[in-house]
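Visitor: 3D, please:
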Amino acid sequence: MGQRPCRRTPQEPTGEAARVARKLRPWGHSTDIWKLAKGPKIGFMTPVMRSDAKDVGEQLKAGKAVLACRPISGVCCALACMLCAHPGALAADGLSGPSVALVEENDTVVHTDRHYTQGLKITYLAPEQPEDNDGWTARTSRWLPQTGFEPETVRWGVSLGQNIYTPSDISVTTLMENDRPYAGFLYTSFFIQRRTILTEHLAQMDHWQAVVGIIGPPSLAEEAQNTVHRLRDIGQAQGWKYQLKTEPGLALQYERCWQFSTGQAHGWEAQALPYGGASLGNVGTYGAAGGQVRAGWHIPGGGGVNTIDTIVPLSGGLPTDGSGHCFGFYFFGGVEGRAVGYNTFLDGSLLQESHHVTKYPLVGDLKFGGAFTFKHVDLLYTQTLRTKEFIGQQSTDSFGSLALRVNW
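Guide: I've put the predicted structure just below:
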């Protein structure tokens, strides 16, 4: 005689029960068992759970697990009930751990040395936390506008980077008045990310960021470029004496990203990630909108693959519930358009007279590439094609982006 099946009920959860049932489920993860979290207590429900929201909340607060499912085999139900009997064993399910990402961008891959010619950025992402905890990250998040949704997880991060810009011919020793100015930007950024699960196949992330840096000789752009050129036996850039003068570089930035997932079938999955955002500051005042599609095997969660100058950095971190995979890969493609109001690297210094060019108000990017993901290390490559940014620019630009991400 088989194990007695769990109680069967016909209806799906609604209201607060459905909202709690979606709590902390990983992006794009599709499963027949819904995992619930409230503080350190964990329970399980299937989509046919029968219990009103009040009962669910009370039982979770009391540390009790709730299970109601379709009649299934005795072994499966016994296993589910055994898991429910130990609510503390799977705390913080669905949260992502910390990660560090190093991104190197250069136009050498297309045999040019001009315009946006080099970028280097390292980013640390702290572990995710439930938004309703009492940590400083969650308290800071509550001061930010909710912008139409209730966040379920929150994390902070910090980046350190350097960007280098030059005119099209770095061998010229005189000022090239019809080309963009030499410029360097050394900066740090601090950000807070918040995400929530809207439906079984739709998640949403908000990203708030403050960028603080220095433009001009203190950015060390001249030293960085010419040192690398000496090591590679490449001609030195001759016009750095005409670079933008010293001044601070500041920006406040916001972006919202959605992730639509088909759900996994034997590990295979496709996702669409539209987004929109804005930046306010002398290093960039613009509105941006775009999207990315990716398809592959065992695609990790997060906001997709981004380059250095996109608002959202590379996201990462192992799922704390142990659901990560030892190997995966995917390919992606995307577009982004920007309506630019001010860009100090084209418009010139904000606080003093300087060389500048007349920018185009609309700029577009086409991005494509691939990624290989392992348990603790991911390797990603992106190729970006960019439309002309200023009047007098002879051709479009392109650069490659190589990223190494370590997750734990």
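
Visitor: How is the chain divided into domains?
Guide: The record's domain split for the chain, according to automatic domain parsing, is 15-90, 99-407.

Visitor: Confidence-wise, which of those domains is weakest overall?
Guide: The stretch with the lowest mean pLDDT among the domains of the chain is domain 15-90, at a mean of 38.

Visitor: hang on, the earlier thing: just put the domains of the chain in TSV and tack on mean neighbour count.
Guide: Any C-beta I mention is one placed from the backbone N, CA and C, and that applies to glycine too. Putting these into TSV (neighbours: other Cβ atoms under 10 Å) gives the following:
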stretch	mean neighbour count
domain 15-90	17
domain 99-407	18
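
Visitor: contacting residues for the residue nearest to Y242 when sequence neighbours are not counted?
Guide: Distances taken as Cβ to Cβ, 6 or more residues apart in numbering put L175 closest to Y242, at 5.0 Å, once the chain neighbours are dropped. With contacts defined as Cβ atoms under 8 Å, 6 or more residues apart in numbering, L175 is in contact with G239, Y242, H355.

Visitor: Is L175 in a helix, a strand, or coil?
Guide: When states are read from DSSP: H, G, I helix; E, B strand; the rest coil, the local structure at L175 comes out as coil.

Visitor: Am I right that T227 is in a helix?
Guide: Yes - the secondary structure assignment for T227 places it in a helix, going by three-state DSSP.

Visitor: which residues does it contact?
Guide: So T227 contacts nothing (Cβ under 8 Å, 6+ apart).

Visitor: where's it relative to E104, distance?
Guide: To E104, T227 is 15 Å away according to Cβ to Cβ, to the nearest Å.

Visitor: repeat for G97
Guide: According to Cβ to Cβ, G97 and E104 sit 24 Å apart.

Visitor: Would you tell me which one of the contacts of L175 comes nearest to E255?
Guide: H355 (30.9 Å; Cβ to Cβ).

Visitor: rewinding a little: okay, the contacts of L175 in JSON lines with secondary structure next?
Guide: Conversion of these to JSON lines gives the following (three-state DSSP):
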{"residue": "G239", "secondary structure": "coil"}
{"residue": "Y242", "secondary structure": "helix"}
{"residue": "H355", "secondary structure": "coil"}
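
Visitor: ok, so of these, who is nearest A272?
Guide: Nearest to A272 out of the contacts of L175 is H355 (Cβ to Cβ; 41.8 Å).

Visitor: who's the residue nearest to S219 when sequence neighbours are not counted bridged to?
Guide: By the measure of Cβ to Cβ, 6+ apart, the closest residue to S219 outside its immediate chain neighbours is G184, 3.4 Å from it. Here G184 sits in beta bridges with I164, as judged by DSSP bridges.

Visitor: any idea how far G184 is from L220?
Guide: Remark: distance between G184 and L220 (Cβ to Cβ) = 7 Å.

Visitor: anything in contact with each of these two?
Guide: Overlap between the contact sets of G184 and L220, as judged by Cβ under 8 Å, 6+ apart, is given by Q162.

Visitor: the strands in the stretch 251-400 of the chain, which residues?
Guide: For the stretch 251-400 of the chain, the strands defined by DSSP state E, counting those that start in this stretch occupy 268-281, 285-297, 327-342, 362-374, 377-386, 397-407.

Visitor: In a markdown table, list these along with distance to A251.
Guide: Converted to a markdown table, the strands of the stretch 251-400 of the chain look like this (distance: least, Cβ to Cβ, whole Å):
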| stretch | distance to A251 |
| --- | --- |
| strand 268-281 | 3 |
| strand 285-297 | 8 |
| strand 327-342 | 10 |
| strand 362-374 | 16 |
| strand 377-386 | 19 |
| strand 397-407 | 20 |
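
Visitor: nearest to L120, of these?
Guide: Among these, strand 397-407 sits nearest to L120 (Cβ to Cβ), with 10.7 Å.

Visitor: and the closest one, what other elements does it pack with?
Guide: Packed against strand 397-407 by the contact rule (3 or more Cβ pairs under 8 Å, 6 or more residues apart in numbering; DSSP states H and E) you find strand 99-106, strand 115-125, strand 377-386.

Visitor: Try it again at 10 Å.
Guide: Using 3 or more Cβ pairs under 10 Å, 6 or more residues apart in numbering; DSSP states H and E as the contact definition, the elements that strand 397-407 packs against are strand 99-106, strand 115-125, strand 362-374, strand 377-386.

Visitor: Off-centre distance for that strand?
Guide: Strand 397-407 has its average C-alpha position 13 Å from the chain's average C-alpha position, going by Cα atoms, centre = their mean, to the nearest Å.

Visitor: Output it as PDB - backbone C-alpha positions only.
Guide: Taking only C-alpha atoms (Å, rounded to 0.1, in the frame of the first residue of the first chain), the coordinates of strand 397-407 have been written out as PDB:
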ATOM      1  CA  ASP A 397      32.800  52.700 -34.500                       C
ATOM      2  CA  SER A 398      33.200  49.200 -33.200                       C
ATOM      3  CA  PHE A 399      34.900  47.600 -30.200                       C
ATOM      4  CA  GLY A 400      35.100  44.300 -28.400                       C
ATOM      5  CA  SER A 401      34.300  43.600 -24.700                       C
ATOM      6  CA  LEU A 402      35.800  40.600 -22.800                       C
ATOM      7  CA  ALA A 403      34.500  39.900 -19.300                       C
ATOM      8  CA  LEU A 404      35.500  37.500 -16.600                       C
ATOM      9  CA  ARG A 405      33.100  37.000 -13.800                       C
ATOM     10  CA  VAL A 406      33.700  35.000 -10.600                       C
ATOM     11  CA  ASN A 407      30.700  33.900  -8.600                       C
END
